[in-house]
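K.L.:
can you look at this prediction? I've put the sequence above it.
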Amino acid sequence: MLGFTRHNPAIITCGKAGPNGSIKGIGFIHKEEYLEETLQKLREELKKPYNPRDALNFLLNEIYVREKIDFTKLVSLELAKKHTWTNITGGSSEATVLFFTPPSTSYEVRCEVEVHEDDEVWEYTNAVHDVFHRPKKPRDWSKTPAYLFKIKEIYDNGEKAMGVRIYP
């Protein structure tokens, strides 16, 4: 189960709601030139009956394609609209995405954050989420905006590096 820590980092923000850390699922997004094609495939996949093995194969073969991924950006959904939402929509456009895998692997990813609703980033993020975490009934995506995290800096916070900047 520790492998899931790579998908569920802490999102750290500070703003109108005060300092906040929230565990959220996160992933990469495809480069802009592949987004429309990927969205078409996601729409088709979501029309099919849910099968966990097929969903995983779809993600591996269509989404986790190295050449298509924009490694300068991360995406996540806002499912709660509480402290993180208040901080980001209240004027703070900065966040740190903190990854930790015990016993000592840790990366701090400093980002500029954008909120996306009713556009390609929003649709992609909701669709990728639902391909694997398929709800029994379709979700109302209008209630789940997407965050786009544009990576500015990355620090290796592991026990050997202790905060060494590794990007850019």
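P.N.:
Looks like it arrived, so ask away.
K.L.:
ranges for the strands of the protein?
P.N.:
Taking DSSP state E, the strands of the chain run over residues 10-13, 20-23, 27-30, 69-77, 94-101, 105-116, 146-156, 164-167.
K.L.:
show me what the third one is packed up against.
P.N.:
In terms of contacts (3 or more C-beta pairs under 8 Å, 6 or more residues apart in numbering; DSSP states H and E), strand 27-30 is packed against strand 69-77, helix 120-132. Every residue, glycine included, has its C-beta placed from N, CA and C.
K.L.:
mind listing the strands that strand pairs with, and their directions?
P.N.:
strand 69-77 (antiparallel) (DSSP bridges).
K.L.:
out of the strands of the chain, flag the one nearest Val128.
P.N.:
strand 27-30 (6.4 Å; C-beta to C-beta).
K.L.:
which other residues reach the longest helix along the chain?
P.N.:
Counting by DSSP state H, the longest helix found in the chain is helix 32-47. With contacts defined as C-beta atoms under 8 Å, 6 or more residues apart in numbering, helix 32-47 is touched by 29-30, 55, 58, 62-63, 68, 70, 120, 123-124, 127-128, 130-131.
K.L.:
out of the helices and strands packed on strand 27-30, deepest packed?
P.N.:
helix 120-132 (a mean of 20; mean count of other C-beta atoms under 10 Å).
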